[in-house]
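Chemist: For reference, the sequence and a predicted model appear below.
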Amino acid sequence: MSERVKIKTDEGDLIGVLCCESNRGQSEAVLTQPLVVLAHGLAGYKEEGMLQCVSDYFRQCGLPVLCYDARHGLGESGGDLQKACFTEFIRDLNAVLSWAKTERGIQKFILAGHSLGAGACLHYASAHTDEILGLIMLSAVYNGQLLKESYLKNKPAFMVQWEKEKLIYRERPDCPSKNGYISINHLADACRYHEEENAKDVTAPVLIVCGDHDVSSTVEINRNLKDSFRENATLSILNNCGHTYSKPENLLDLKDAIESWFNSSGIVDAT
């Protein structure tokens with residue numbers, strides 16, 4: 001069962017899809033089970049392969065899943081991609097979780113995010129530890145300065161062009177009407193955040209996943225992130241995988257990593 005939801009905010013609507021496989025009926029299941037919430041990354045959208053991989057796994061486990069499009073992205077929620085930044089991602093996630101609590105009575109969550117969405121999930125999880133049963137961070141962007149340094153080291157020509165032109169074009173192949181530009185201001189905003197400093201506040205089990213070919217959220221960046229948590233974090237490094245998990249084998253490896261972590265995390269007992 002799936003339901004298209006519209007979450008109203010003062011700055012525009014957020015569009016999401018709420019999926020539930022329970023035989024008890026969607027409303028009852030959503031009210032009585034923890035909700036898995038998926039947050040895409042910068043210039044992302046809810047139908048991306050890595051998010052659908054996470055969604056499919058948890059739906060098979062019988063848990064309700066909410067995928068949503070952030071404002072200022074390439075999805076249905078609209079907005080202006082040039083306004084996309086860490087701060088806006090945090091605001092959108094807060095709005096989604098507030099809606100889930102007030103409109104559906106949900107009090108417990110498993111958060112999963114990709115790239116900037118992962119950073120927003122960490123930001124929320126560290127401040128609302130009593131609500132979070134699990135946290136999954138895929139190719140996490142959690143510190144803007146680290147991201148900038150990674151770009152300068154691994155993509156210097158990209159950074160030169162971006163700093164010169166102030167905008168970088170991004171495409172959504174299956175929906176060209178959503179194409180747009182990412183502003184260099186995104187980096188300045190992201191540099192305000194150092195979410196690893198709050199990681200030790202997270203008490204729930206954490207899965208950190210990255211690709212060995214990722215030049216944005218590198219293996220080193222993710223190892224440092226793991227070390228920022230207590231003993232509750234697991235790091236899974238996927239072979240021949242970049243930032244967007246674009247190969248079919250990347251998604252298979254991602255599913256295996258999630259399944260192994262979830263089965264050993266103790267979350268099942270809490271659900």
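Modeler: Alright, I've got the coordinates.

Chemist: just the strands in the stretch 101-250 of the chain please.
Modeler: For the stretch 101-250 of the chain, applying DSSP state E, counting those that start in this stretch gives strands covering 109-114, 132-138, 167-170, 180-183, 206-211, 233-238.

Chemist: In TSV: these, plus distance to residue 199 and mean pLDDT.
Modeler: In short, each C-beta sits where N, CA and C put it, glycine included. Compiled in TSV, these are given as follows (distance: least, CB to CB, whole Å; pLDDT from 0 to 100):
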stretch	distance to residue 199	mean pLDDT
strand 109-114	14	98
strand 132-138	10	98
strand 167-170	29	96
strand 180-183	26	97
strand 206-211	8	98
strand 233-238	8	98
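
Chemist: mind pulling up the phi and psi values for residue 18?
Modeler: phi -100, psi 120 (degrees, to the nearest 10).

Chemist: For it, list each beta-bridge partner.
Modeler: Beta-bridge pairing for residue 18 (DSSP bridges): residue 3, residue 66.

Chemist: That one reaches residue 36, doesn't it?
Modeler: No: using CB atoms under 8 Å, residue 18 is not in contact with residue 36; the gap is 10.4 Å.

Chemist: higher neighbour count, the two?
Modeler: It is residue 36, of residue 18 and residue 36, that has more neighbours when counted by other CB atoms under 10 Å, with 24 against 20.

Chemist: where does the more buried one land in three-state SS?
Modeler: strand (DSSP: H, G, I helix; E, B strand; the rest coil).

Chemist: contacting residues for it?
Modeler: 54-55, 58, 63-66, 109-112 (CB atoms under 8 Å, 6 or more residues apart in numbering).

Chemist: With neighbour count added, can I get those residues in a markdown table?
Modeler: Formatted as a markdown table, the contacts of residue 36 follow (neighbours: other CB atoms under 10 Å):
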| residue | neighbour count |
| --- | --- |
| 54 | 25 |
| 55 | 21 |
| 58 | 23 |
| 63 | 23 |
| 64 | 26 |
| 65 | 26 |
| 66 | 27 |
| 109 | 25 |
| 110 | 27 |
| 111 | 28 |
| 112 | 28 |
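
Chemist: mind putting the residues you listed in TSV, distance to residue 263 included?
Modeler: Shown next, in TSV, are the contacts of residue 36 (distance: CB to CB, whole Å):
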residue	distance to residue 263
54	15
55	18
58	13
63	14
64	19
65	18
66	22
109	19
110	14
111	19
112	16
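
Chemist: State the distance from the residue lying closest to residue 230 once chain neighbours are set aside to residue 194.
Modeler: Leaving out its chain neighbours, the residue that sits closest to residue 230 by CB to CB, 6 or more residues apart in numbering is residue 200, at 5.7 Å. Look at residue 200 and residue 194: by CB to CB, to the nearest Å, they are 13 Å apart.
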